[in-house]
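>>> Quick one, what's the 3D model for this:
(one chain, ligands or ions: 1)
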Amino acid sequence: MSAPAAPAPERLDHFALTLSCPDRAGIVYAVSRFLVEHDCSIVESQQFTDRDVNRFFMRVEFAPVAGGALDLPTMRSAFEATAADFSLTWRMHATSERPRVLIMVSKYGHCLNDLLFRANSGALDVEIPAIVSNHPDLAGMADHYRIPFHHVPVTKDTKPEAEQKLLQLVDDLDIDLVVLARYMQILSPELCKALEGRAINIHHSMLPSFKGARPYVQAYERGVKFIGATAHYVTSDLDEGPIIEQAVARVDHAMDATAVTKLGRDTECLALSRAVLWHTQNRVLLDGHKTVVFS
Ligand SMILES: Nc1nc2c(c(=O)[nH]1)N[C@@H](CN(C=O)c1ccc(C(=O)N[C@@H](CCC(=O)O)C(=O)O)cc1)CN2
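Take a look at the predicted model:
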């Protein structure tokens, strides 16, 4: 019997504008004036200036005054002038949008299980149209949640064809975000480019420590007192992508590598689910090789 999906939350007409630009005076004033002139009130606003690079970041959530209707394409078009004045990199979207997330897995199912439960229970407001795996092991979990499972085996020789199948699925299913939930294949530079800014990986260590394979064993042998996990955007430089979220857990001398690994799984689920939540709420902005997260 499959788990019944939670009812979609009541949709309120909220909208979010995220932007970054070279810092200068008057940005917040210009955005606020635009919203007032278009009969909108601010629900939430966060801003940050990175003094190292003199760049300004902002996320403002807003709603029509007195619950009036708001035409998003018209608002976007009207905002173009302000965006040009301040050389903004920006995005405006309705918070009622349910991003479409494709999850990639191999044999470890703890992160997949956590994401599916969160999505099914309404804690993560996303659609999951497909799960892709290079192994068949987790097909049963997908079936339980009635999500199509695509077994796409990968070998050195078949990797290009496998990656083409993935990209076709991303296009056909109108995917907004690809999540590598312990997917144990290195994506090619071409695929990384195609998914730039919309692929998140969970690495099972506190990067930049213990990159690459078997990080828990590396950490155990180093005798660390904290282990953790890192959710980051995927780039062609393995485990070097901009970090979105990290989570840690304390370990001690009495824990062997297996105990450390079991403890680490919870930190992976926590870091990855937070990263997916914040990305799908447009709360993560790229700041060079770093991120600004308006959580
Ligand atoms: N281009 C990128 N691809 C992937 C990234 C990334 O940051 N950039 N993150 C990895 C996840 N990962 C560590 O978190 C990781 C996965 C796989 C490997 C690896 O050596 N894989 C071998 C095959 C292993 C197997 O078949 O079981 C390989 O691809 O040759 C290292 C690190 C996901 N991909």
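>>> Would you mind naming what in the stretch 51-200 of the chain lies close to the ligand?
180, 183, 184, 185, 186, 187, 192 (Cβ under 6 Å from any ligand atom). For every residue, glycine as well, the C-beta is placed using N, CA and C.
>>> Using a markdown table, lay out the residues you listed together with secondary structure and distance to residue 216.
Converted to a markdown table, these look like this (DSSP: H, G, I helix; E, B strand; the rest coil; distance: Cβ to Cβ, whole Å):
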| residue | secondary structure | distance to residue 216 |
| --- | --- | --- |
| 180 | strand | 17 |
| 183 | coil | 17 |
| 184 | coil | 14 |
| 185 | coil | 19 |
| 186 | coil | 19 |
| 187 | coil | 22 |
| 192 | helix | 25 |
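>>> Most neighbours among the residues you listed, please name it.
residue 183 (26 neighbours; other Cβ atoms under 10 Å).
>>> on that earlier part again, and the two most separated of the residues of the stretch 51-200 of the chain next to the ligand?
By the measure Cβ to Cβ, these have their two most distant members at 184 and 192, which lie 16.0 Å apart.
>>> ok, back up a step: closest to residue 246 among the residues of the stretch 51-200 of the chain next to the ligand?
The closest of these to residue 246 turns out to be residue 180 (Cβ to Cβ; 16.1 Å).
>>> domain parsing for the protein?
Here the domain assignment for the chain is 15-94, 100-293, based on automatic domain parsing.
>>> chain center to the longest one: distance?
Right, the one you point to is domain 100-293. From the chain centre to the centre of domain 100-293 is a distance of 9 Å (Cα atoms, centre = their mean, to the nearest Å).
>>> Ends of it, what's the gap?
The distance separating the two terminal residues of domain 100-293, taken as Cα to Cα, to the nearest Å, comes to 21 Å.
>>> which parts of stretch 252-265 are buried?
Across stretch 252-265, burial judged by 16 or more other Cβ atoms under 10 Å covers 260, 261, 263, 264, 265.
>>> make that stretch 79-93, sorry
By 16+ other Cβ under 10 Å, the buried positions in stretch 79-93 come out as 79, 82, 83, 86, 88, 90, 92, 93.
>>> got the CA coordinates for it in CSV?
Extracted C-alpha coordinates of stretch 79-93, given in CSV (Å, rounded to 0.1, in the frame of the first residue of the first chain):
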residue,chain,number,x,y,z
PHE,A,79,10.6,45.5,-13.1
GLU,A,80,13.0,45.3,-16.0
ALA,A,81,13.6,49.1,-15.9
THR,A,82,14.7,49.0,-12.2
ALA,A,83,16.8,45.9,-12.9
ALA,A,84,18.6,47.7,-15.7
ASP,A,85,19.2,50.8,-13.6
PHE,A,86,21.1,48.8,-11.0
SER,A,87,22.5,46.0,-13.2
LEU,A,88,20.6,43.4,-11.3
THR,A,89,20.9,39.7,-11.6
TRP,A,90,17.3,38.8,-10.5
ARG,A,91,14.4,36.4,-10.4
MET,A,92,10.8,36.9,-9.5
HIS,A,93,8.5,33.9,-8.8
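>>> Averaged pLDDT, that stretch. What do you get?
Looking at stretch 79-93 alone, the average pLDDT works out to 97.
>>> Name the next helix or strand downstream of the longest helix along the chain, please.
The helix of greatest length in the chain, counted in residues with DSSP state H as the criterion, is given as helix 257-280. Moving toward the C-terminus from helix 257-280, the next helix or strand (DSSP states H and E) is strand 284-287.
>>> Show residues contacting that next one.
Identification of contacts with strand 284-287 by Cβ atoms under 8 Å, 6 or more residues apart in numbering yields 18, 20, 50, 53, 55, 57, 59, 197, 233, 242, 244, 275, 278, 291-294.
>>> what about burial for those residues, which qualify?
Restricting these to buried positions leaves 18, 20, 55, 57, 59, 233, 242, 244, 275, 278, 291-294, with burial counted as 16+ other Cβ under 10 Å.
>>> Now for those: which two are most distant?
Across the buried ones among the contacts of strand 284-287, no pair lies farther apart than 55 and 275, at 21.7 Å, counting by Cβ to Cβ.
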